[in-house]
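Asker: Give me a 3D structure for the following:
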Amino acid sequence: MDNEIEKQEVAMDTELKEWLVNYVGNKKAPEDGDVTVGMIIEVIAEEFPEFLLVVAEENFLRGYEQGLADLYAKAKDKHGESKSSQIYKD
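Answerer: Next up, the predicted model:
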């Protein structure tokens, strides 16, 4: 996947970002000296995969929930309230 955010250089505007950029910069040693979001993800995936797994799971569940909500809204708009449109409700 080609994601523009992954290519962005990370601004060191917080103490955590500064530490993380320095850590990743030391690990990856980029030729131009710029640390990107993608590099940070690579290092975290290598050294702390449990963290990314939790983030990915949460993202998946939220996306799935939103998909069901969209399906429900579309079914309700198209057919009015019906048994099939009661798949998901808050």
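
Asker: rest of the way, CA atoms for contacts and neighbours
Answerer: Noted.

Asker: which non-adjacent residue is nearest Ile5?
Answerer: Val37 (6.8 Å; CA to CA, 6 or more residues apart in numbering).

Asker: Just give me the neighbour total for the one you found.
Answerer: Using other CA atoms under 10 Å, Val37 has 17 neighbouring residues.

Asker: ok, now which ones touch it?
Answerer: Ile5, Glu6, Lys7, Gln8, Glu9, Val10 (CA atoms under 8 Å, 6 or more residues apart in numbering).

Asker: can you point me to the longest helix in this protein?
Answerer: For the chain, the helix with the greatest residue count under DSSP state H is helix 49-79.

Asker: Now find how far off-centre that one is within its chain.
Answerer: With CA atoms, centre = their mean, to the nearest Å as the basis, helix 49-79 stands 13 Å off its chain's centre.

Asker: going forward, begin numbering at 602 instead of 1
Answerer: OK, 602 is where the count begins now, so the last one is helix 650-680.

Asker: Who are the packing partners of it?
Answerer: The contact analysis (3 or more CA pairs under 8 Å, 6 or more residues apart in numbering; DSSP states H and E) places helix 650-680 against helix 638-648.

Asker: Take stretch 647-667, keep the C-alpha atoms, and write them as CSV.
Answerer: C-alpha atoms of stretch 647-667 as CSV (Å, rounded to 0.1, in the frame of the first residue of the first chain):
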residue,chain,number,x,y,z
GLU,A,647,10.2,-5.5,14.6
GLU,A,648,10.7,-4.7,18.3
PHE,A,649,7.2,-4.3,19.7
PRO,A,650,4.8,-6.2,17.4
GLU,A,651,2.2,-6.6,20.3
PHE,A,652,1.7,-2.9,20.2
LEU,A,653,0.9,-2.8,16.5
LEU,A,654,-1.3,-5.8,16.8
VAL,A,655,-3.5,-4.1,19.4
VAL,A,656,-3.7,-0.9,17.2
ALA,A,657,-4.5,-3.0,14.1
GLU,A,658,-7.2,-5.0,15.9
GLU,A,659,-8.9,-1.9,17.1
ASN,A,660,-8.8,-0.4,13.7
PHE,A,661,-10.3,-3.5,12.1
LEU,A,662,-13.1,-3.7,14.7
ARG,A,663,-13.9,0.0,14.2
GLY,A,664,-14.0,-0.4,10.5
TYR,A,665,-16.2,-3.5,10.7
GLU,A,666,-18.6,-1.7,13.1
GLN,A,667,-18.7,1.3,10.7
